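Chemist: give me coordinates for this.
(chains A and B)
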Amino acid sequence: MLIETVLSRIDYIVTVILFCIGLYALIIKPNLIKKLIGMNVIETSVYLFFIASADVRLGPASWQWAGPSEIADAAQAARVAAGQVALVNPIPSALILTAIVVSISVTAISLALSIKIYEHYGTLDTRKIMRLKG
Amino acid sequence: MDMVILAHVIILIFLVATALAAIISRDLLESVIIYSAYSFTITVTYSILRVVDVAMTEAAVGAGISSVLFVAALCKTKRRED
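Modeler: Now for the predicted structure:
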């Protein structure tokens, strides 16, 4: 019973674990590149949360949607026509598709800034950068 | 147990393991390569959850371009984390 409950929510559990790992890297790790990897892990965990909320067990994916006449199985076609079949929600996948492109832009800008910081200060360690002046 | 659920659980365990390894590793190049493996693993997760459009975009952008950008940034800076 407990195992079934955990298995049906395993995506959300992994989402929380990944968020904590990314947050740890973002707060504790002094290196800027390592902080960026942690930020990417956090973003991916949020994507996984959205995608998991879209998933309906045993329902057809959005690209498998077809009219009742195109479904070979007669009983399944009757269920689809009656609106009794759960379908995977396409809206979160469309949102996440946009968010992935935004995240790669954020990563590119942050890496460019990190390179500039390294050229200026000679280090990527935030503890040393905080101590330096000018 | 359903085989798909079993595969899903194994992939998710591997996902957490790769995320931890990418964070813990001291060598930044090693960390970036493990992060690339993490991206491919989450691509498989998206495929199991049946959102193939997001899976294809993540494989191209997250695992491909992102790793190239990180490695290019590492070439311009230091490889060791200290």
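
Chemist: right, and the helix or strand after the helix or strand of chain A with the lowest mean pLDDT?
Modeler: Least confident helix or strand of chain A, by mean pLDDT, DSSP states H and E, is helix A:74-81 with a mean of 67. Downstream of helix A:74-81, the first helix or strand assigned by DSSP states H and E is helix A:91-121.

Chemist: show the subsequent helix or strand relative to that following helix.
Modeler: Downstream of helix A:91-121, the first helix or strand assigned by DSSP H and E is helix A:126-131.

Chemist: can you pull out the helices in chain B?
Modeler: B:3-24, B:28-48, B:52-57, B:66-76 (DSSP state H).

Chemist: quick one: closest of those to residue A:48.
Modeler: Residue A:48 lies closest, by C-beta to C-beta, to one member of the helices of chain B: helix B:28-48, at 6.8 Å. Glycine gets a C-beta too; all of them are placed from N, C-alpha and C.

Chemist: packing partners for that closest one?
Modeler: helix A:32-54, helix B:3-24, helix B:52-57, helix B:66-76 (3 or more C-beta pairs under 8 Å, 6 or more residues apart in numbering or on different chains; DSSP states H and E).

Chemist: would you put the C-alpha positions of the second one in CSV?
Modeler: Output in CSV follows, covering the C-alpha atoms of helix B:3-24 (Å, rounded to 0.1, in the frame of the first residue of the first chain):
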residue,chain,number,x,y,z
MET,B,3,8.2,-3.4,-16.2
VAL,B,4,7.8,0.2,-17.3
ILE,B,5,7.5,1.4,-13.7
LEU,B,6,10.6,-0.7,-12.8
ALA,B,7,12.5,0.9,-15.6
HIS,B,8,11.2,4.3,-14.5
VAL,B,9,12.4,3.9,-10.9
ILE,B,10,15.8,2.7,-12.0
ILE,B,11,16.2,5.7,-14.4
LEU,B,12,15.1,8.0,-11.6
ILE,B,13,17.7,6.5,-9.2
PHE,B,14,20.4,7.0,-11.8
LEU,B,15,19.2,10.6,-12.3
VAL,B,16,19.7,11.4,-8.6
ALA,B,17,23.1,9.6,-8.6
THR,B,18,24.3,11.6,-11.7
ALA,B,19,23.1,14.9,-10.1
LEU,B,20,25.0,14.2,-6.9
ALA,B,21,28.1,13.1,-8.8
ALA,B,22,28.1,16.2,-10.9
ILE,B,23,27.9,18.4,-7.8
ILE,B,24,30.4,16.5,-5.6
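
Chemist: which other helices and strands contact that helix?
Modeler: Contact analysis of helix B:3-24 by 3+ C-beta pairs under 8 Å, 6+ apart lists helix A:10-28, helix A:32-54, helix B:28-48 as its packing neighbours.

Chemist: any chance of the ones you listed in a markdown table, with mean pLDDT and mean neighbour count too?
Modeler: As requested, those are exported to a markdown table (pLDDT from 0 to 100; neighbours: other C-beta atoms under 10 Å in any protein chain shown):
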| stretch | mean pLDDT | mean neighbour count |
| --- | --- | --- |
| helix A:10-28 | 94 | 17 |
| helix A:32-54 | 93 | 22 |
| helix B:28-48 | 93 | 20 |
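
Chemist: right, so of the ones you listed, which gets closest to residue A:121?
Modeler: Nearest to residue A:121 among these is helix A:32-54 (10.5 Å), distances taken as C-beta to C-beta.
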